[in-house]
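Just to be clear, the model below is a prediction. Sequence and coordinates:
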Amino acid sequence: MNRFDRLTAILIHLQSKKLVLAQEIADRFDVSLRTVYRDVRSLEQAGVPVIGEKGLGYSIMEGYRLPPVMFTEEEVIAFLMAEKMLEQHADLQNSERFKGAMFKVKAVLRNAQKKVLEDLEETIVTHKVSEHNYLLNDTLPLLIRAIGEKKILHIQYATETGVNERDIEPIGILRENGTWNAIAFCNTSKKYHPFRTERMLSVKDTNRPFLQEHISLNEYLANKPKDKGQSFPVVINVHNNMARYLTEQKYNYGFITEKPGKTHTRMEFEAPCIQAFSRWYITFADQADIVMPVSLKTLVKDRLKEMLKKVS
């Protein structure tokens with residue numbers, strides 16, 4: 001990136017947040033702090049009202065706005081991909097709001113870029129497959145609003161032992177293993193827990209503020225206690241032609257790491273349930289080998305024998 005493009009990008013970055021650290025700019029553009037100080041000084045000399053000092057953060061004076069930005073073709077395509085992803089994973093309200101924002105983006109595009117966007121728009125189609133609509137359209141917006149406004153939610157939550165009710169103070173939302181999880185402080189257990197959204201039978205806004213200050217979602221994830229429940233170490237060799245199709249599924253079965261080889265990919269897991277793992281393994285067993293444990297081999301053999309009896 002040449003210096004002019006970097007200065008423009010830094011100006012946009014400064015307008016995107018209330019306060020931007022010099023180190024944040026240096027990390028993003030892979031330059032030294034001295035270069036950041038020099039670039040900011042150049043912006044000041046060009047008349048941009050930058051507030052801040054070296055070693056601290058920078059901000060733009062309230063009311064200053066950069067004139068309409070010209071997007072690159074790659075950025076235009078990235079906007080389109082984001083819109084399609086939101087159609088699949090976001091709630092209806094936020095999806096519609098993003099579409100509204102896209103009209104504003106399209107308004108400043110050059111005609112050639114608009115043509116690229118129009119041509120690509122009909123070639124990318126997504127479908128909601130991972131969540132029920134009511135979860136996306138009702139539960140997620142409530143959770144997001146409660147996080148922003150720091151409001152307590154009352155939920156009915158389904159567990160293995162039945163349905164219970166509790167008040168939670170959500171600090172963030174995490175999408176993991178194909179499901180949405182609300183990370184929240186539970187006022188009953190007095191601990192932070194992940195709550196799976198599909199187990200929330202009802203969610204109500206109590207309109208009551210949080211009872212205490214909370215850690216951030218990043219802090220929770222950094223100090224997340226390891227699951228002390230039973231797990232089963234599994235190692236399998238999967239043919240490379242099949243391994244490429246397991247990119248999403250493997251995370252549902254305790255995937256840890258993998259090492260590609262010439263013909264096979266070695267995958268390691270900490271399977272939370274060996275029975276569930278065996279059923280999943282059978283779906284591609286002709287394209288893989290079990291390295292360990294022996295108990296998994298036995299379990300797969302027994303299941304296959306039962307299957308043969310039913311189809312014979």
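Received it, and whenever you're ready, just let me know what you need.

bridging residues for the spatially most central residue of the chain?
Closest to where the C-alpha atoms of the chain average out (Cα atoms, centre = their mean) is residue 175, at 5.3 Å. Residue 175 has the following beta-bridge partners by DSSP bridges: residue 180.

same question, residue 196
Counting by DSSP bridges, the residues bridging with residue 196 are residue 181.

dump the residue contacts of it.
Residues in contact with residue 196 (Cβ atoms under 8 Å, 6 or more residues apart in numbering) are 179, 180, 181. Every C-beta, even on glycine, is put in place using the N, C-alpha and C of the backbone.

OK, contacts around residue 58?
Applying Cβ under 8 Å, 6+ apart, the residues near residue 58 are 14, 19, 20, 21, 22, 25, 40, 50, 51, 52.

How about residue 23?
Contacts of residue 23 by Cβ under 8 Å, 6+ apart are residue 33.

same question, residue 190
Residues in contact with residue 190 (Cβ under 8 Å, 6+ apart): none are found.

Verify the contact between residue 168 and residue 151 for me.
No. With contact defined as Cβ atoms under 8 Å, residue 168 does not count as touching residue 151 (10.5 Å).

Could you check which of these two has the larger neighbour count?
residue 168 (25 against 17; other Cβ atoms under 10 Å).

Please give the element, helix or strand, for that one.
Assessed by DSSP states H and E, residue 168 sits inside strand 162-176.

how about residue 63, secondary structure?
With DSSP: H, G, I helix; E, B strand; the rest coil as the basis, residue 63 sits in coil.

How much space separates it from residue 75?
As judged by Cβ to Cβ, to the nearest Å, residue 63 and residue 75 stand 26 Å apart.

now do residue 208
Distance of residue 208 to residue 75, given as Cβ to Cβ: 42 Å.

Kindly report the same for residue 277.
Relative to residue 75, and taking Cβ to Cβ, residue 277 is found at 42 Å.

Between those two, which has more neighbouring residues?
More crowded of residue 277 and residue 75, by other Cβ under 10 Å: residue 277, with 21 against 14.

residues contacting residue 56?
Residue 56 neighbours (Cβ under 8 Å, 6+ apart): 21, 22.

right, and residue 146 touches residue 205 too?
Yes. With contact defined as Cβ under 8 Å, residue 146 counts as touching residue 205 (6.6 Å).

How is residue 224 assigned, secondary-structure-wise?
coil.

How confident was the prediction at it?
According to the prediction, residue 224 has pLDDT 76.

what about it, neighbour count?
11.

if you skip the residues just before and after it, what's nearest to residue 22?
residue 36 (4.9 Å; Cβ to Cβ, 6 or more residues apart in numbering).

And that neighbour, what's its pLDDT?
Note on residue 36: pLDDT of 90.

And the one helix or strand residue 115 maps to, what's buried?
Per DSSP H and E, residue 115 falls inside helix 111-121. Of the residues in helix 111-121, 113, 116, 117 count as buried by neighbour count, 16 or more other Cβ atoms under 10 Å.
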